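Enquirer: I would like the atomic coordinates for the input below:
(one chain, ligands or ions: 1)
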Amino acid sequence: MNDTVAYCGVPGSYAEEAALCYFGEEAHLITASSFAGAFEALKQQQADYAVVPLENSSTGAIASVYDLLAQYGFFIVGECPIEINHCLLARPGTKIGDITEVFSHEQGLFQSRDFLAEHPDWKQTALYNTAAAAKMVSAGDNPHWAAIASRRSAAIYHLDILAEKTNFKDRNQTRFVVVAPKAIHSAENNKVSLAFTLPHVSGSLYHILGIFAREHLNLSKIESRPIANKNWEYLFFLDFTAETIDSRIEGILEEISKASQTLKILGYYKNAIGVERDEE
Ligand SMILES: O=C(O)C(=O)C[C@]1(C(=O)O)C=C[C@@H](O)C=C1
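Expert: From the prediction side, this is the model:
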């Protein structure tokens, strides 16, 4: 049987694209109407995996997904970066001058902030998904509505593209992660995600970071989120890459565990992110 994969959104969304890209066209996709709903589908065993966005190359972390990872205790088993090129979509016949309200996911609105700043009169309304916004604009008989969503959404919901690349950064990518109830070990894995807490003592984060420097391991991401029910205490999320996950890495993780208050290995998986360098 094919894997069942949950994502938040409707067909045409970037999350659907990420799920198809990672699992292939044969995957059985189910939809949720929130990121929490995609995690819940995993918990209720309605899905084998959930595909959720974790960070965007223009706007940074998708904070609510980090919080859900902490809350549900699931594992990251893969990642998939997707090119995000937002378009302004409207029902055929609508002109840009007719628009008074624009709908998208809040990330679609953030990532298009410069474009939207040129239209200060437009009301901006965030929905749970970019493609859900396109679907709503298509179904609504309102000549003043537009959506910021993908080119695929335009085709699926029969909308016109009034502007392309509304995102402010030319190369706009979202890193989706594949989440599962259990970690998956494979010889191909070369990335590790951790979540840890630290004692409130001077140098505790410095000490952890020093271990990575000493071992010449590349940190690809660090993020901190407030801990639920505790004020001014943080859960640190950290990703690093290695050649392979071997006994040396296991030993380093042991050392990090001793240097932290709590440590959860959020997952081992194959790195899919390349750092772009400016040409000399
Ligand atoms: O709304 C979508 O199409 C999504 O898949 C969600 C989402 C996100 O939450 O970041 C994914 C990619 C883009 O960054 C914009 C929106």
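Enquirer: In terms of pLDDT, where does the residue in the stretch 151-280 of the chain positioned nearest to the ligand sit?
Expert: Residue nearest to the ligand within the stretch 151-280 of the chain: Thr174 (3.9 Å; C-beta to the nearest ligand atom). Yep, even glycine has a C-beta here, placed from its N, CA and C like the rest. Here, the pLDDT recorded for Thr174 equals 98.
Enquirer: same thing with the one 10 residues further on?
Expert: Turning to Ile184, the model gives it a pLDDT of 93.
Enquirer: Over to Ile161?
Expert: We have a pLDDT of 98 for Ile161.
Enquirer: just Asp67 next, same as before
Expert: The predicted local confidence for Asp67 is 97.
Enquirer: Please, which helix or strand holds the closest residue in space to Leu42 that isn't next to it in sequence?
Expert: In space, and not counting its chain neighbours, Leu42 is closest to Ala50: 5.1 Å by C-beta to C-beta, 6 or more residues apart in numbering. Taking DSSP states H and E as the definition, Ala50 sits inside strand 49-56.
Enquirer: Can you name every helix or strand that that strand contacts?
Expert: Applying 3 or more C-beta pairs under 8 Å, 6 or more residues apart in numbering; DSSP states H and E, one finds that strand 49-56 contacts strand 4-8, helix 14-23, helix 35-43, helix 63-72, strand 75-83, helix 106-111, strand 173-180.
Enquirer: The third one near the ligand at all?
Expert: Put plainly, it is helix 35-43. No - Helix 35-43 stays clear of the ligand (C-beta under 6 Å from any ligand atom), getting no nearer than 7.5 Å.
Enquirer: Now do that helix, average pLDDT.
Expert: Rounded mean pLDDT across helix 35-43 is 98.
Enquirer: Contacts for it next, please.
Expert: Contact partners of helix 35-43, identified using C-beta atoms under 8 Å, 6 or more residues apart in numbering, comprise 6-8, 30, 32, 47-52, 62, 64-65, 68, 71-72, 74, 179-181.
Enquirer: what does the second one give?
Expert: For helix 14-23, contacts defined as C-beta under 8 Å, 6+ apart pick out 3, 5, 7-10, 27, 29, 49, 51-53, 78, 80, 82, 84, 129-131, 150, 152, 174, 176, 178.
Enquirer: And the ligand, is that helix touching that?
Expert: Yes - interface with the ligand: helix 14-23 contributes 14-15 (C-beta under 6 Å from any ligand atom).
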